[in-house]
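Undergrad: Structure for this input, please:
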Amino acid sequence: MRLDKLIANYTLLSRKEAKQAIKKGRVQVNGQTLKKVDQHLDPDQDLVSLDGESVRYQPFIYFILHKPAGYMSTTKDGQTAIVTDLLPQDLVQIYDPFPVGRLDKDTEGLLLITNDGQLSHDLLSPRKKVDKEYYAEIAGIVTAEDQAAFASGLAIDQGETCLPAELFIDQVDLDSGRSQIRLILHEGKFHQVKRMFQAVGKEVTYLKRLRMGGLRLDPDLDRGDYQEVDKASLLALLHLDETEARASQRKEDQK
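TA: Next up is the predicted model:
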C-alpha cells in the first residue's frame, strides 16, 4: 500500500493532508522518517506512526451493537438518532461503517456494524441461509395453530408468502391475553415479524433480535453498548477463506 493512502485511510487526515504530513517528516516507518509519499510498504509487517502515535492498519471493523429503541438503522438521517451515533465518532469518520440489515426504530437487539461490504452482502444473501432469531412479546394468545401456520410458510399482506419459520412459545398468560415467543427466520422481509403476527390476528408489542447466524447477543452487553467481533470468527461462520478475502483486499489497496 502507498504510504500516503495508509495515512489518509487510517487517520483523520485527508489525502492532501497526509501527503503534507509525510513531506514535513511527521511520519515514521519502522522507526525511520520517510518523506516519499508514494513509498509502498507492507501494512501487515511495517510499523507506521504519525507524530509518534502508532497508525493501526485495520481495513475492516466489525462490531456487535446492542441496539436500543429510538435509533434508526441507517448512517444518515439528519433529524433522528442513528445507530452509528453510538460508536466513537473518530472511528466513524475513519471507517464509515454501516449496519448490516435493518432493525426498526422501536426494535432492540443485535445489530452488526461494519465497513465490509462483501461480508454484509454474504450475511444478507438468501443463498447463505443465515438465520435470525428474535424474542417478541405479543398481544394475543399464540397457539399451536400459529406455530403450524408459521412452519408451513405464512401468507402475509400484499400477496407475499414467507419461507417456513420456527415459532417457539415460551410463555402464555391467559389472564392478560399476552404471549412471549421466539421466532427463527430464514429471510428478511420488510417488517416481517410484525406482519406475520398481524396475519394471524395478533400484535407485536416488543421485539428484540437475539442472534444472526452464529452471532449471539451477549446478555451482559447493555443497550447502546457494543463489542468488537473477531474477523476470523465471522469468516468461519460464512465458510469463507480468509486468504482469499485478504488477497481481494490487497488488490484494492494497490489501486
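Undergrad: Now do the strands in the stretch 1-150 of the chain.
TA: 27-29, 32-33, 48-50, 53-54, 62-67, 98-99, 108-114, 132-139 (DSSP state E, counting those that start in this stretch).
Undergrad: Any chance of those in CSV with distance to Met1, mean pLDDT and mean neighbour count as columns?
TA: The way it works is simple: take the backbone N, C-alpha and C, and place the C-beta from them, glycine included. Conversion of the strands of the stretch 1-150 of the chain to CSV gives the following (distance: least, CB to CB, whole Å; pLDDT from 0 to 100; neighbours: other CB atoms under 10 Å):
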stretch, distance to Met1, mean pLDDT, mean neighbour count
strand 27-29, 11, 95, 20
strand 32-33, 17, 94, 10
strand 48-50, 10, 95, 18
strand 53-54, 16, 92, 9
strand 62-67, 21, 94, 22
strand 98-99, 23, 95, 20
strand 108-114, 20, 96, 23
strand 132-139, 36, 97, 20
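Undergrad: Let's have these in JSON lines, adding distance to Arg195.
TA: Shown next, in JSON lines, are the strands of the stretch 1-150 of the chain (distance: least, CB to CB, whole Å):
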{"stretch": "strand 27-29", "distance to Arg195": "54"}
{"stretch": "strand 32-33", "distance to Arg195": "61"}
{"stretch": "strand 48-50", "distance to Arg195": "50"}
{"stretch": "strand 53-54", "distance to Arg195": "49"}
{"stretch": "strand 62-67", "distance to Arg195": "20"}
{"stretch": "strand 98-99", "distance to Arg195": "21"}
{"stretch": "strand 108-114", "distance to Arg195": "18"}
{"stretch": "strand 132-139", "distance to Arg195": "13"}
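Undergrad: closest to Lys19 out of those?
TA: strand 27-29 (10.0 Å; CB to CB).
Undergrad: Now tell me what touches the closest one from outside.
TA: 3, 7, 21, 33-34, 39, 41, 46-50, 52 (CB atoms under 8 Å, 6 or more residues apart in numbering).
Undergrad: so which of these comes closest to Gln192?
TA: Taking CB to CB as the measure, Ile7 is the one of the contacts of strand 27-29 closest to Gln192, at 43.8 Å.
Undergrad: How about that closest one, nearest residue that isn't a chain neighbour?
TA: Take Ile7 and drop its neighbours on the chain: the residue closest to it by CB to CB, 6 or more residues apart in numbering is Ala18, 3.8 Å away.
Undergrad: I figured the one you found was touching Asp4, is that so?
TA: Yes - the pair Ala18 / Asp4 is scored as a contact, 4.8 Å apart, by CB atoms under 8 Å.
Undergrad: list residues touching both of the two?
TA: Counting by CB under 8 Å, 6+ apart, the residues touching both Ala18 and Asp4 are Val37.
Undergrad: need the contact list for the nearest residue to Glu203 once chain neighbours are set aside.
TA: Leaving aside its sequence neighbours, Glu203 sits nearest to Ala139 (CB to CB, 6+ apart; 4.3 Å). Under the criterion of CB under 8 Å, 6+ apart, the contact list for Ala139 reads Gly177, Arg178, Lys202, Glu203, Val204, Thr205.
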